[in-house]
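1. Pasted the sequence and its predicted model underneath.
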Amino acid sequence: MGLLDIVKPGIVIGDDVKKLFQYAHEHNFAIPAINCTSTSTINAALEAARDNKCPIIIQFSHGGSQFVAGKGLDNSNQQASVLGAIAGAQYVRAVAPAYGIPVVIHSDHCAKKILAWFDGMLEADEAYFKAHGEPLFSSHMLDLSIETKEENIDICVKYMKRMAAINCWLEMEIGITGGEEDGVNNEDVDNARLYTQPEDVYDVYTAFSEVGDLFSIAASFGNVHGSYAPGSVVLHPELLGKFQAYTKEKIGTDNDKPLFLVFHGGSGSTKEEINTAVGFGVCKMNVDTDTQWAYCVGLRDYFDAKADYLKTQVGNPEGPEKPNKKYYDPRVFIRAAEVTMAERVQQACKDLGMVNVL
Ligand SMILES: [Zn+2]
């Protein structure tokens, strides 16, 4: 049975998100969540998934959302990030059906100090639910991992109650992802907090299960955002197996993967580390740094190759009167970036064991 026998093409919501992740568990793959910042990067991600015949998760970070709406807008009360996230989600909703694949629309890390961003998106979800019977976004992430465990769980549960009422999925973080991303710097965090304990993951599972079943957990196992020279922090994906085994025993299930786990900070991970993580029930892996690089490489190589055609509007090595318009049209150089980004997204899908699953 293919994935399209279980969920429809277009935006995946509620129980269908769960079915999608269960399918990933059963078939031992994970779905990459691509951080997008524009219609260009969204299109590259969708195109890659269509060509790879698989689902995809389009996600917007806080800063990425602001970028969608425009860096020139005031964001002092998170209003540009709210607006950009909504605009991005509406754009994905508009074009996703044309690509013929299941698409999850998600928002990335939201810390306590920017909860106004989360509130704004959730209000948009509730309004969309009133009009269409489903939320605008498939899912959102709350990242209160730097708060105490108790406060982290309390705030998540409070939001999850609101989200459960509109069939919206919640991803949470327990333990801390190190490094620096999207303006959040955890480079100086104590290394012990980069490794979550099985008991902590189970505490999240029990508290959330009282509200509903539409949730996933980004439990840290030495993850670091960004790309660094190897050696500073060691990834221990086998910890994910301990989280699953502990929860399995506590709740007494036959299911070896009772937890839907999310892999953050995976850039630079080895194929083996990724395989181990997926084997232990990672169903979503975030991809940002590596696709940023791929997009940049496409642009860089284009400008390097066409340098002599981009010095003036008219005049190039073929003659002083030759026009350069077809070389400096943004559709040409932005497309070059999309092509290299799409190739990298397809690579991520393959690395996660997800090819031709529709
Ligand atoms: Zn992350």
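-> Arrived safely.
2. all helices of the stretch 151-300 of the chain, in order?
-> 198-209, 238-251, 271-279, 289-305 (DSSP state H, counting those that start in this stretch).
3. so can I have JSON lines of these showing distance to Leu3 and mean neighbour count?
-> The way it works is simple: take the backbone N, C-alpha and C, and place the C-beta from them, glycine included. Listed next are the helices of the stretch 151-300 of the chain as JSON lines, based on distance: least, CB to CB, whole Å; neighbours: other CB atoms under 10 Å:
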{"stretch": "helix 198-209", "distance to Leu3": "25", "mean neighbour count": "18"}
{"stretch": "helix 238-251", "distance to Leu3": "23", "mean neighbour count": "18"}
{"stretch": "helix 271-279", "distance to Leu3": "16", "mean neighbour count": "18"}
{"stretch": "helix 289-305", "distance to Leu3": "22", "mean neighbour count": "17"}
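4. out of those, which comes closest to Ala49?
-> helix 289-305 (12.5 Å; CB to CB).
5. residue contacts, the nearest residue to Ile251 once chain neighbours are set aside?
-> Closest residue to Ile251 apart from its sequence neighbours, by CB to CB, 6 or more residues apart in numbering: Pro258 at 6.3 Å. Counting by CB atoms under 8 Å, 6 or more residues apart in numbering, Pro258 makes contact with Tyr205, Gln244, Thr247, Lys248, Ile251.
6. sorry, back to before: could you export the helices of the stretch 151-300 of the chain as CSV, including mean pLDDT?
-> Output for those, formatted as CSV (pLDDT from 0 to 100):
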stretch, mean pLDDT
helix 198-209, 97
helix 238-251, 96
helix 271-279, 95
helix 289-305, 97
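7. Would you format those helices as CSV with distance to Pro55 included?
-> Shown next, in CSV, are the helices of the stretch 151-300 of the chain (distance: least, CB to CB, whole Å):
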stretch, distance to Pro55
helix 198-209, 23
helix 238-251, 21
helix 271-279, 15
helix 289-305, 17
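8. right, so of those, which gets closest to Asp125?
-> Closest among the helices of the stretch 151-300 of the chain, using CB to CB: helix 198-209, at 18.3 Å.
9. Check which residues of stretch 60-78 are buried.
-> Buried residues in stretch 60-78, counting neighbours by 16 or more other CB atoms under 10 Å, are found at Phe60, Ser61, His62, Gly63, Gly64, Ser65, Gln66, Phe67, Val68, Ala69, Asn75, Gln78.
10. ok, now stretch 128-144?
-> Of the residues in stretch 128-144, 128-129, 134-144 count as buried by neighbour count, 16+ other CB under 10 Å.
11. hmm, back to that, of the helices of the stretch 151-300 of the chain, which is nearest Asn324?
-> Among the helices of the stretch 151-300 of the chain, the nearest to Asn324 by CB to CB is helix 289-305 (12.7 Å).
12. C-terminal to the closest one, which secondary structure element comes first?
-> Next helix or strand after helix 289-305 toward the C-terminus (DSSP states H and E): strand 314-316.
13. who does that following strand touch, helix- and strand-wise?
-> strand 319-323 (3 or more CB pairs under 8 Å, 6 or more residues apart in numbering; DSSP states H and E).
14. dump the residue contacts of His319.
-> You called it His, but residue 319 is Gly. So Gly319 contacts nothing (CB under 8 Å, 6+ apart).
15. oh sorry, the question was meant for Ala337
-> Counting by CB under 8 Å, 6+ apart, Ala337 has contacts Ser40, Ala44, Tyr295, Cys296, Gly298, Leu299, Tyr302.
16. looking at this, it is in a helix?
-> Yes - assessed with DSSP: H, G, I helix; E, B strand; the rest coil, Ala337 lies in a helix.
17. From Leu239, how far out is it?
-> Per CB to CB, to the nearest Å, Ala337 is found 36 Å from Leu239.
18. same thing with Val282?
-> For Val282 relative to Leu239 (CB to CB), the value is 11 Å.
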